[in-house]
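Novice: Got a predicted structure plus its sequence, pasted below:
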Amino acid sequence: MSADPELWLLVAICGLATFAWRGAGVFLSGGINPNSALFTWLGCVAYATLAALISRIMFLPVGTLAASGLGERITAAAIAAAVFAITGKNLFLGVISGGVSLVAIVWLLGRS
Amino acid sequence: MRDADGPDENTGGFALSGAAWRTGVREALGVPAAVLASGYIGFGALASDAGFSLPLAIFSTMTIWALPGQIALIELRALGTAAPALVLAVMLTSARFLPMTVTLLPILRHPAYRRWHYYLAGHFIAMTGWAVAMRRCPQMPVGERMPYFIGFAAALWLACLAGTAIGYYLSDSLTELVTLGLVFLNPVYFILILGGEVRHRLGVLSLLCGAIAGPLMQLVTPQWGLLVAGLLGGTVAFLITRVWRSDVGRS
C-alpha cells in the first residue's frame, strides 16, 4: 500500500485542491471584498465541515481510536478542556493532557 | 526591458529585510511551533496507523499544509470513500483559505515582488501563520512584512514536517496504547482551538450545526457524509444568521 502510486496521486490532487483556495485568493486579492456574503458562507461551510469531521471522529471513530469507548473519549476531552482553561488557554498542555488522559483511562480500566 | 533592475531591487529589498526574516523564524520556533507540531505528531501517528508510508505522510504535510484537510484525507480513505467525494470534502475543510488569503495579501504587497512570489507565499497561508501575520505585519514597514511572514510560516512548516515524522515513528515503534493517545491528539487539538477561540455567533453556530450533522450524515450516507454535513451545517448556520440579522434590522 505504501508504494501505491494511486495514493500518491490522491494526496497530490488534495494538495492542488487545497492550493486552489490560496491561489484564487492571491488572484482575487485587491479586487474583491473579503466580507462578501459568498465568503461568509464559505467560512461557515469550512467551520461546519471541520466540526462534522471532529464530531464524527469522537462519536463514530474508525481505526485505533475505535478501541476506546465513547465515555472514555469524552472524559479525556473534558480533562483536556479543564487543563486548557486552568492554564490560561495553554493549547500545548491541553492537547498533551488529552492524549495522556485517554491512555491513562483505557489503561486503568485494563482493556489494553 | 529593465531586467537588470529587478534582481537588484529584489536583493536590495531582501538584504534590508534579513532581520525581519529572522524575526519571523524566531517568533515561530516557540509556542506556535510546539502547538502546531503537537497536532502534526497526532497526524503522523494517524497516517502510520492507516498504513500510509512515511514519505507519503510527509508529502501530504508539504503539499496540503492544512491539518483538517490532511486528517479528513486519512479518515475518509479509511472509511473507503470514493476519490471525488474525498477530494471535495478535503477541499471544503480549507475553504476559509480563500477569504484569509484575500485579506492578508494586500498587507504583504510591495513593488519589489513578482507575481509568483505571492503565489509562493500563498502556499504557506494556514491558520496559525495567517493569524500571527494579520496581527504583526500591519505594524511593520511594508518591505519587512513578506520576509517576516515567509520566515514565520516556513519555520512552522518545517517544524510540522518534523512533527509528522516524529508522530509516525512513535506510533510505529511504541505500543497500540500509545498510538491511541497520539491519534487522539487531533480531535482534542481542534476541540480546544475551536471551543477556545471561535467567539463570533456565526462561527459558533456553524460549529454546532456541523458537529450535529457530522455523525448523523455519516449514518445516512457513509460515502458523502462529511461533504453533506459540511455543506448542510454551514448553509443552515449561514441562513439562520441572515434571518436573525434581517429581523433585527426590521425591528
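Specialist: Arrived safely, thanks for sending. Numbers count the residues shown, from 1 in each chain, chains lettered A, B, ... in the order given.

Novice: Tell me which residue of chain A lies closest to chain B.
Specialist: residue A:25 (2.4 Å; Cβ to the nearest Cβ). (Glycine included, C-beta is placed from N, CA and C.)

Novice: wouldn't that residue be in contact with residue B:123 here?
Specialist: No. In this structure, residue A:25 is not within contact of residue B:123 by Cβ atoms under 8 Å, at 11.0 Å.

Novice: more neighbours, the two?
Specialist: residue A:25 (25 against 18; other Cβ atoms under 10 Å in any protein chain shown).

Novice: Can you tell me the closest non-neighbouring residue to the more buried one?
Specialist: residue B:101 (2.4 Å; Cβ to Cβ, 6 or more residues apart in numbering or on different chains).

Novice: Contacts only, for that neighbour.
Specialist: Contact analysis of residue B:101 by Cβ atoms under 8 Å, 6 or more residues apart in numbering or on different chains lists A:21-22, A:24-26, A:29, B:122, B:125.

Novice: Ok, residue B:20 next?
Specialist: Counting by Cβ under 8 Å, 6+ apart, residue B:20 has contacts B:140, B:143-145, B:147-148, B:151.

Novice: neighbours around residue B:113, how many?
Specialist: 17.

Novice: Report the buried residues of the helix or strand containing the residue nearest to residue A:25.
Specialist: Assigned by DSSP states H and E, residue B:101 belongs to helix B:97-108. Of the residues in helix B:97-108, those buried under the neighbour-count criterion (16 or more other Cβ atoms under 10 Å in any protein chain shown) are B:97-105, B:107-108.

Novice: from the middle of its chain, how far away would it be?
Specialist: In terms of Cα atoms, centre = their mean, to the nearest Å, the centre of helix B:97-108 is found 14 Å from the chain centre.

Novice: Equivalent analysis for stretch A:51-64, please.
Specialist: Worked out by Cα atoms, centre = their mean, stretch A:51-64 lies 9 Å from the chain centre.

Novice: Then stretch B:38-50?
Specialist: So, by Cα atoms, centre = their mean, the centroid of stretch B:38-50 is 15 Å from its chain's centroid.

Novice: Restricting to C-alpha, output that stretch in CSV.
Specialist: Provided in CSV are the C-alpha atoms of stretch B:38-50 (Å, rounded to 0.1, in the frame of the first residue of the first chain):
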residue,chain,number,x,y,z
SER,B,38,1.7,18.5,18.6
GLY,B,39,-1.2,18.4,16.2
TYR,B,40,1.1,17.1,13.4
ILE,B,41,2.5,14.5,15.8
GLY,B,42,-1.0,13.2,16.1
PHE,B,43,-1.4,13.4,12.3
GLY,B,44,1.9,11.4,11.8
ALA,B,45,0.6,8.7,14.2
LEU,B,46,-2.8,8.6,12.4
ALA,B,47,-1.0,8.3,9.0
SER,B,48,1.1,5.4,10.3
ASP,B,49,-1.9,3.7,11.8
ALA,B,50,-3.8,4.0,8.5
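
Novice: That stretch close to chain A?
Specialist: Yes. Residues of stretch B:38-50 contacting chain A under Cβ under 8 Å from any Cβ of the partner chain: B:38-39, B:42, B:46, B:49-50.

Novice: Mind checking which of those are in helices?
Specialist: B:38-39, B:42, B:46, B:49 (DSSP state H).

Novice: Point out where chain A drops to low pLDDT.
Specialist: Within chain A, the stretches with pLDDT under 70 are A:1-3, A:34, A:111-112.

Novice: centroid residue for it?
Specialist: Centroid-nearest residue in chain A, with Cα atoms, centre = their mean: residue A:54, separated by 5.4 Å.
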